[in-house]
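Chemist: Coordinates for the following, if possible.
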Amino acid sequence: SQTGSAPVQVDVAILGGGSAGYAAARTAAAAGLRTVVIEGGEEVGGLCILRGCMPTKALLQAADVLHQARRAATWGLKVSGAGYEYAEVLRRKDRLIQEFADYRRQQLEDGRFTFIRAGARFIDPHTLDLGGQGRVRSRYFIVATGSSLSKPPIAGIEGPGAGCLNSDLALHAERIPESVIVLGGGAVAVEFAQFYRRFGARVTLVQRSPRILREFDADASGVVEGAFRDEGMTVHTGTRLLAAGGMEGGGRFVEFEQEGGTHRVEAEAIFNGLGRSPNTFGLGLEAAGVDTAHGRIVTDLSMRTSAPHIFAAGDVAGPYEVVHIAIQQGEVAAHNILHPDAQRAMDYRLKTLVVFTDPQVAQVGLSEQEAGERGIPVIAASHPFRDHGKSMIMEALDGFVKLLADPRTGEILGGACVGPMGGELIHEIIVAMARRMTVAELAAVPHYHPTLAEIWTYPAEELASRVPLMIG
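Modeler: Next comes the predicted model:
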């Protein structure tokens, strides 16, 4: 449609072609709805493929292999001169991401729905203006525009000139800085902090909260913080950022307050890992009657916004910035458009978080912290990897697994794994919770020996012994 011509008429217009938008589009189109996906970004593929999950994990994998090669003597092996060619590390990452992005582009352009590259803005509750590419009128909308890097909390972190990195820029930087100050303690910050350290940089991590990885219980985040210190990283928590900027002759500095004192750290570069913000600016949400709160689009569990015909999914809606949840939200939104008399609701009982540090940190369902905040009674038991056969063989001794259960019925309410392959091992508990298994039922499942997975049987058996035997 060109400017001045009649608007394109569709059943569902989806803003954003990332994981949530594509999931919504394929669901709607498969049911026969006239569907359009409008992507306003410079690239096609979404955050996960282009700048999130996939490229960062490609880099982390390289860092892990390098780390294991350098500690080969642990197993009586001789690997002399383990080093790297960083240009090759980047080339492998870029090749993988190109394949993933090309595949997503093919999915978006395969004809099941209309795909338009344009910025979109609501001009009334049922009409989008596409700038110079006309207008789209639709019965329903799904906003899935994702998120972008949050603005730094203080000036000087990301100013002009070299030395200021973030998760977007770091993916393409041609070299590893000799030293870096990492700001933040969430998943992005800690993953990049360890990545830089393992590629030889001197790393100082500065976190505003009292501990890193505050989404997890303190015992879990404490293991990762301890591992970071063991690898030679400096970690400051409970800070208040005061100032940042460049220095004469090069380099950057950060000043912060901690325990009443003022501190200054200097490095070649600053990495801003202080989070992301929903992409709502310029969408004209007010013209559509869509409410926001703290930057996010407000939805109910059906993913419906304050405008009944407009839904939202993914990072722009939250509450979790996780790909598989974004996909579920997109599918739920499309389903509820298709089936107004058989609505579905999001169920976050199985919400899962994974951080790909070493040791990995993974969690499903309730944490002890969340159970306490919500007043949900739980019993908990854990078992350390340091006392587990397979992890001892692997020399992967940091961390533990933990199970939370209903003290009356024994139903598993949550699980955490801090240790080797934590992101894989947590899926056993996801499956168990999906089937609402009890700790006794999990303990009775045969586990092959020696494997990492059999470690779950120890806390399961302990909790099973503490749950009253229910007869009849």
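
Chemist: what about the strands in the stretch 51-200 of the chain?
Modeler: Using DSSP state E, counting those that start in this stretch, the strands assigned to the stretch 51-200 of the chain run over residues 114-117, 121-124, 127-129, 135-143, 147-149, 164-166, 179-183.

Chemist: Adding mean neighbour count and mean pLDDT as columns, could you present those strands in a markdown table?
Modeler: Glycine gets a C-beta too; all of them are placed from N, C-alpha and C. Below are the strands of the stretch 51-200 of the chain laid out as a markdown table (neighbours: other Cβ atoms under 10 Å; pLDDT from 0 to 100):
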| stretch | mean neighbour count | mean pLDDT |
| --- | --- | --- |
| strand 114-117 | 18 | 94 |
| strand 121-124 | 16 | 97 |
| strand 127-129 | 22 | 97 |
| strand 135-143 | 23 | 98 |
| strand 147-149 | 18 | 89 |
| strand 164-166 | 22 | 87 |
| strand 179-183 | 26 | 96 |
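
Chemist: Nearest to Pro384 among the ones you listed would be which one?
Modeler: Comparing those against Pro384 with Cβ to Cβ, the closest turns out to be strand 179-183 (27.8 Å).

Chemist: Centre-most residue in this structure?
Modeler: The structure's the chain has its C-alpha centroid closest to Val322; by Cα atoms, centre = their mean the separation is 4.6 Å.

Chemist: Distance of it relative to Thr56?
Modeler: Using Cβ to Cβ, to the nearest Å, Val322 is found at 14 Å from Thr56.

Chemist: before we move on, what about Gln329?
Modeler: Counting by Cβ to Cβ, the separation of Gln329 from Thr56 is 22 Å.

Chemist: Ser391 too?
Modeler: To Thr56, Ser391 is 25 Å away according to Cβ to Cβ.

Chemist: Now do the residue nearest to the centre of the chain against Val355, distance only.
Modeler: Per Cβ to Cβ, Val322 is found 11 Å from Val355.

Chemist: Show me which helix runs longest in the protein.
Modeler: In the chain, assigned by DSSP state H, the helix with the most residues is helix 86-108.

Chemist: wait, Lys57 sits on Val354?
Modeler: No - contact criterion Cβ atoms under 8 Å: Lys57 and Val354 do not qualify, at 10.3 Å.

Chemist: Who are the contact partners of Arg92?
Modeler: 58, 62 (Cβ atoms under 8 Å, 6 or more residues apart in numbering).

Chemist: Mind pulling up the pLDDT for it?
Modeler: The model reports Arg92 with a pLDDT of 95.

Chemist: can I get the CA coordinates of the helix or strand of the chain with the lowest mean pLDDT in PDB?
Modeler: Ranked by mean pLDDT, DSSP states H and E, the weakest helix or strand in the chain is helix 47-50, scoring a mean of 76. Output of helix 47-50 as PDB, limited to C-alpha atoms (Å, rounded to 0.1, in the frame of the first residue of the first chain):
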ATOM      1  CA  LEU A  47      16.900 -10.300  19.900                       C
ATOM      2  CA  CYS A  48      17.600 -14.000  20.700                       C
ATOM      3  CA  ILE A  49      19.100 -14.800  17.300                       C
ATOM      4  CA  LEU A  50      20.800 -11.500  16.500                       C
END
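
Chemist: neighbouring contacts of that helix?
Modeler: Taking Cβ under 8 Å, 6+ apart as the rule, helix 47-50 contacts 18-19, 43, 54, 97, 100-101, 104, 146-147, 315, 323.

Chemist: Could you do stretch 461-469 as well?
Modeler: Residues outside stretch 461-469 that contact it (Cβ under 8 Å, 6+ apart): 379-381, 383, 403, 405, 407-410, 438-440, 443.
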